[in-house]
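A.B. asks: Here's a sequence, model it:
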Amino acid sequence: MRKPLSYSLATLALALFSGLSSAQSEAPSGAPLAEHIATVIEAQPIKRVDPKYPPTSARKSQEGWVKVSFVINKDGEVEDPVVQDSSGLKAFEKATLRAVKRWQYSPAIQDGEAIQQCRNMVQIDFRLAGSSGVTRKFMRRYKAVSEAITNKDLPLAAELIAEMRDDQLWNHTESAYFWLADSYYAKATDDTVRELKSVRRALAVDTDAVRTSTKQYLLEREFVLSINESEYNEAMKAYDKLEKIADEKPEQLAQLAPYAEKVKELVKGNEPMIRKASINEDGRVFHQLSRNAFALDIAEGDLDEVQIRCDNKLSRYTAVSKSQWHIPSSWGQCSVYVSGSPGAQFEVVEVGDYIGEI
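C.D. replies: Got it, this is the predicted structure:
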């Protein structure tokens, strides 16, 4: 007769706690004791207002998504919401920002006192009931773009992609395949920045209509391109996702594994890490830090502000070339938001000690 499951769990729990107690009691008398730093309770949602579906987008059967970053202040209110990326439709971005500003949380608590919680990001999906698959018109256009790229008729491919972008008559599946097509074009024209952006947008769409083999291809490209752009945290996130779906092509993961190890060694080492960046059309650049100090080296154009968004601290500074910022350990993991004139070029130079999440 099989024993009840609760009995097995109780026995396992007893064994675990017995081992913990024994380990604590047998510690050498002269061993250093761990020092308590802080007890932090994360902010919890109280009210989340759903964004209103833009009427014009609904009439056109448009779907989309928006990734938004925001700060939760000591009163549990949302501050400084910023669109980090989207499927490309401005109407959805505006609707998301209006809704998120009305959200309310119980504030994060550190050692009994309310604190800011500054690294928060969610993706809002805009979906219509009954929408799935792709239309015949979209499929004809997608095949025409693919054929033009295959035939190396890149001017025609650029024209067709521009027409599809201008129409923006996409549901979620079409959005994924549009950005996939755009990534193919960017790769054919050696535009790595555009390819990386399009690859990430194709991956952001949660749909089973995209085959696993296509997702594997996209994650592999994100891994490689992120390394080329010195976005090492993003590269390792792509690698981790690839590990979870690599059963069909284990040889693909095996080829990338040595590069993943090299990334870990680099990030956790002492050599400066340099990322060349350019302010996008929305006037900003995001960068997740892996070290506890960094500097900006402005090469061309104007930068306005540097926001450092950490787990429990938000700080703003003017963007001064060659200045160096040091991150106190009490701030936690941090991301940098740099704003300025579109096209402005600069370098993010990370130095100091490893504080990342790899």
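A.B. asks: hey, where'd the helices end up in the stretch 101-250 of the chain?
C.D. replies: 136-150, 154-167, 172-188, 192-204, 212-228, 232-244, 250-268 (DSSP state H, counting those that start in this stretch).
A.B. asks: Redo those as TSV? Include mean pLDDT.
C.D. replies: Listed next are those as TSV, based on pLDDT from 0 to 100:
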stretch	mean pLDDT
helix 136-150	95
helix 154-167	94
helix 172-188	95
helix 192-204	96
helix 212-228	95
helix 232-244	94
helix 250-268	92
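A.B. asks: so which of the ones you listed comes closest to residue 353?
C.D. replies: The minimum distance between residue 353 and these falls on helix 250-268, with 9.4 Å, by Cβ to Cβ. Using the backbone N, CA and C atoms, a C-beta is placed for each residue, glycine as well.
A.B. asks: tell me the contacts of the most centrally placed residue in the chain?
C.D. replies: By Cα atoms, centre = their mean, the chain has its centre lying nearest to residue 234, at 6.9 Å. By Cβ atoms under 8 Å, 6 or more residues apart in numbering, the residues touching residue 234 are 222, 226, 288.
A.B. asks: Scan these and report the most crowded one.
C.D. replies: Counting by other Cβ atoms under 10 Å, residue 222 has the largest number of neighbours within the contacts of residue 234, with 25 neighbours.
A.B. asks: thought that residue was touching residue 202?
C.D. replies: No: with contact defined as Cβ atoms under 8 Å, residue 222 does not reach residue 202; the gap is 9.4 Å.
A.B. asks: Strands of the stretch 1-150 of the chain, residue ranges please.
C.D. replies: In the stretch 1-150 of the chain, the strands defined using DSSP state E, counting those that start in this stretch lie at 40-41, 44-47, 64-72, 78-86, 104-106, 108-110, 113-115, 117-126.
A.B. asks: What average pLDDT does the third one get?
C.D. replies: Confidence over strand 64-72 (mean pLDDT, whole number) is 96.
A.B. asks: elements contacting that strand?
C.D. replies: strand 78-86, helix 90-100, strand 117-126, helix 172-188 (3 or more Cβ pairs under 8 Å, 6 or more residues apart in numbering; DSSP states H and E).
A.B. asks: okay, those in a markdown table with distance to residue 149 and mean neighbour count next?
C.D. replies: As requested, the helices and strands packed on strand 64-72 are exported to a markdown table (distance: least, Cβ to Cβ, whole Å; neighbours: other Cβ atoms under 10 Å):
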| stretch | distance to residue 149 | mean neighbour count |
| --- | --- | --- |
| strand 78-86 | 24 | 18 |
| helix 90-100 | 27 | 19 |
| strand 117-126 | 29 | 19 |
| helix 172-188 | 5 | 23 |
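A.B. asks: who wins for proximity to residue 139 among those?
C.D. replies: helix 172-188 (8.8 Å).
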